[in-house]
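# kindly return the folded structure for what I paste below:
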Amino acid sequence: MMRKRDQQSQELNEFASFLDAPGLSPRQHTEDAVMRLARVGQKTSARAAVTKFLAIQVSSGLLTLAACPQFGIGTGDHNSALHALHAHVHPALYYLSCGVLFVLFGALLSGLAANRRELKAIGRGKYLFFGSYSLCAYLALLLLGTESFLLLSVFWILGGVAAHLVGFGLGRRLKALRI
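I've put the predicted structure just below:
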């Protein structure tokens, strides 16, 4: 125990003498190189942020398919509540709500998982990501699924984009509140 204290005391003394030493600074070239490396290390690429958000969105979308079928894909095919909702709600509103349900959870999680550097890297491109993801998810479900009413299913895309805007913003706000 005494040896550990002596070592800590010696390290503290060495650090204090380092701080008290006359100003030794590196050459300007070295200083610039170190600063450049520090800036690069703190930047998050937009590609990395989009990849992270896309992974979250796809995995949450696959989870959503377990409860709510989309275009005939998923395990919740024989859910009587969904069938009743489909029968009594206008088809445009039904497809809009399906798009919201499919995308909202992933958007919320993406907003919670996003850090400032990722948000800065993506910038205004997040709106392009929201629209592109909703369109690509819709096309993938359309290609893999059986039932589709093209004109009405455009509302699915609108629901997906709306869910992105609301869910991502809500996730960011919840993270800011540190809930």
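# what about residue 115, neighbour count?
The burial count assigned to residue 115 is 12, neighbours taken as other CB atoms under 10 Å. Just so you know, the C-beta spots here come from the backbone N, C-alpha and C atoms, and that holds for glycine as well.
# from residue 18, how far off is it?
33 Å (CB to CB, to the nearest Å).
# again with residue 81
69 Å.
# now swap in residue 108 and tell me
48 Å.
# more neighbours: which of these two?
Neighbour tally, residue 108 and residue 18, criterion other CB under 10 Å: the higher count belongs to residue 108, 22 against 9.
# contacting residues for that one?
Residues near residue 108 by CB atoms under 8 Å, 6 or more residues apart in numbering: 167-168, 170-171.
# next: residue 129.
Counting by CB under 8 Å, 6+ apart, the residues that residue 129 touches are 50, 53, 122.
# so where's this protein uncertain?
Within the chain, the stretches with pLDDT under 70 are 1-2, 19, 24, 40-42, 69-79, 145-151, 178-179.
# and the residue most central in space within it, which helix or strand is it part of?
Closest residue to the average C-alpha location of the chain: residue 110 at 2.6 Å, with CA atoms, centre = their mean. Secondary structure from DSSP states H and E places residue 110 in helix 91-113.
# show me what counts as buried in that helix.
92, 94-112 (16 or more other CB atoms under 10 Å).
# elements contacting the longest helix along the chain?
Counting residues, the longest helix found in the chain (DSSP state H) is helix 150-177. Other elements packing on helix 150-177 under the criterion 3 or more CB pairs under 8 Å, 6 or more residues apart in numbering; DSSP states H and E are helix 91-113, helix 125-144.
# make it 10 Å
helix 46-67, helix 91-113, helix 116-122, helix 125-144 (3 or more CB pairs under 10 Å, 6 or more residues apart in numbering; DSSP states H and E).
# contacts for the helix or strand containing residue 32?
Assigned by DSSP H and E, residue 32 belongs to helix 28-42. Residues outside helix 28-42 that contact it (CB atoms under 10 Å, 6 or more residues apart in numbering) are 25-27, 117.
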